[in-house]
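Visitor: can you look at this prediction? I've put the sequence above it.
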Amino acid sequence: MKIAMAVVKKGSLKDKIAEHFGRAENFLIYDTESDKFVVKKNPEFLGKPELPPDFLHRFEVDAVITFSLGPRAHEKLRDYKIKMYKATEGTVLENITALKEGQLRELTQEDLF
């Protein structure tokens, strides 16, 4: 499974998840099968016309972990069948571990802004 998170810094498993999904500078994409990750620049942050859900779909992401989403991003991710999970305070690695252990809940309407 490939899991994407918007990250605050350059991209480390010790980074915090960014508060705002669509405006973060980078996305960290973690592959649970290989236990490896890549960091990709957010095209929207760079001023490119590609939206983050379309970008993540191109990288075959299966799930995102985030604090909240706007309605448009939520709709696009849902249409791509990308699962959306509520982030917790903590590092990227702590959130990945929580997801693997079934401790993160899926986003709900209350998590949209």
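Guide: Sure thing, it's come through. Here the structure is a predicted model, which means the values were calculated and not measured.
Visitor: all helices for the protein, in order.
Guide: All helices of the chain, identified by DSSP state H, fall at 52-58, 71-79, 92-100.
Visitor: how far does the first one sit from the chain's center?
Guide: I take that to be helix 52-58. Counting by C-alpha atoms, centre = their mean, to the nearest Å, helix 52-58 is centred 10 Å from the centre of its parent chain.
Visitor: averaged pLDDT, that helix. What do you get?
Guide: The pLDDT scores in helix 52-58 average 97.
Visitor: please name every helix or strand in contact with it.
Guide: Here helix 52-58 touches strand 26-31, helix 71-79, going by 3 or more C-beta pairs under 8 Å, 6 or more residues apart in numbering; DSSP states H and E. In this view, the C-beta of every residue, glycine as well, is placed from N, C-alpha and C.
Visitor: one more pass at 10 Å, please.
Guide: Judged by 3 or more C-beta pairs under 10 Å, 6 or more residues apart in numbering; DSSP states H and E, helix 52-58 is in contact with strand 2-7, strand 26-31, strand 36-41, strand 63-66, helix 71-79.
Visitor: tell me the strands beside the third one, with direction?
Guide: If I follow you right, that is strand 36-41. strand 26-31 (antiparallel) (DSSP bridges).
Visitor: what comes up buried for the partner strand?
Guide: Under the neighbour-count criterion of 16 or more other C-beta atoms under 10 Å, strand 26-31 has 26-30 buried.
Visitor: can you list these in TSV and add pLDDT and distance to residue 79?
Guide: Output for those, formatted as TSV (pLDDT from 0 to 100; distance: C-beta to C-beta, whole Å):
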residue	pLDDT	distance to residue 79
26	94	24
27	96	19
28	97	23
29	98	19
30	98	23
